[in-house]
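K.L.:
Below: sequence and its predicted model.
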Amino acid sequence: MKLRKLTNWALGALLLANVACNTSGDEVVLPKGAYENGIIIANEGKFNVPQASVSFATQDLSTVENDVYNKNNNEVLGMQFQGMGFQGDNAYLILSNSNKIQVVNRWNFKKEATISNNLALPRYIAFANSYMYVTNSYPASVSVFKTSDNSFVKKINVTNAEHVVEIGRASCRERV
């Protein structure tokens, strides 16, 4: 008898929670920013010339906006746009020959921060837990930073740093 009452109570609570969570579809979903629905294109630029840029194409490819970073920050991005990574609301733009990473809001491309310490020709980026791992070409190494405040944690020397990927969150956390 008690089991039946408990089952009925649990079923009633589940039904109530389900009804309370249902939406009528009348909610207005505001866009996160001008660069939400489309393709972000990294333009590397000429070697040793600060011509790196970002372009944005709408999903249907009907519109392309060039030099997005410059238009939103009134500054040149840098030299040799090597790669880009996304974490939360941020995009991390890796500029190899400028030895820096520009952190921007991925929805409006407004600059949030610049990381320029402990980088030596940065190339690729990966994220695990609350850390970012950035490969460096010379000397070959991986720089580890906290994503919360972009602070440097440590450098890991390696023999080759051409790419970095996340394999497992637990194993990455244990190594830092």
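P.N.:
Looks like it came in fine.
K.L.:
what's the neighbour count on Phe109?
P.N.:
By other CB atoms under 10 Å, the residues close to Phe109 number 23. In this view, the C-beta of every residue, glycine as well, is placed from N, C-alpha and C.
K.L.:
Leaving out the residues flanking it, which one is nearest to it?
P.N.:
Asn72 (4.4 Å; CB to CB, 6 or more residues apart in numbering).
K.L.:
if I read this right, that neighbour contacts Trp107, doesn't it?
P.N.:
No. Applying CB atoms under 8 Å, one finds Asn72 not in contact with Trp107, separated by 10.7 Å.
K.L.:
quick one: which of the two has more around it?
P.N.:
Between Asn72 and Trp107, counting by other CB under 10 Å, Asn72 is the more crowded of the two (18 against 15).
K.L.:
Which pLDDT value belongs to the more buried one?
P.N.:
The predicted structure scores Asn72 at 95 on the pLDDT scale.
K.L.:
Tell me which residues touch it, please.
P.N.:
Contacts here follow CB atoms under 8 Å, 6 or more residues apart in numbering; on that basis Asn72 touches 104, 108-111.
K.L.:
quick one: it is in a strand?
P.N.:
No. Under DSSP: H, G, I helix; E, B strand; the rest coil, Asn72 sits outside any strand and is assigned helix.
K.L.:
how much space between it and Glu112?
P.N.:
Shown here: Asn72 relative to Glu112, a distance of 11 Å by CB to CB, to the nearest Å.
K.L.:
Now the common contact residues for the two.
P.N.:
Common contacts of Asn72 and Glu112 (CB under 8 Å, 6+ apart): Val104.
K.L.:
Turn the contacts of Asn72 into TSV, including pLDDT and distance to Glu27.
P.N.:
Shown next, in TSV, are the contacts of Asn72 (pLDDT from 0 to 100; distance: CB to CB, whole Å):
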residue	pLDDT	distance to Glu27
Val104	96	28
Asn108	94	22
Phe109	94	27
Lys110	96	26
Lys111	97	31
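K.L.:
Closest one of those residues to Val76?
P.N.:
Closest approach to Val76 among these (CB to CB): Lys111, at 11.9 Å.
K.L.:
which residues pair with Thr114 across the strands?
P.N.:
Applying DSSP bridges to Thr114 gives these bridge partners: Gln102.
K.L.:
Pass me the low-pLDDT residue ranges in the chain, would you?
P.N.:
The model of the chain has pLDDT under 70 over residues 1-26, 28-31, 166-176.
K.L.:
For it, which segments are assigned as helices?
P.N.:
2-21, 68-73, 169-175 (DSSP state H).
K.L.:
which residues of this structure fall in strands?
P.N.:
Residue ranges of the strands in the chain, as given by DSSP state E, are 38-43, 53-58, 64-65, 81-87, 90-95, 100-105, 111-115, 122-128, 131-136, 141-146, 152-157.
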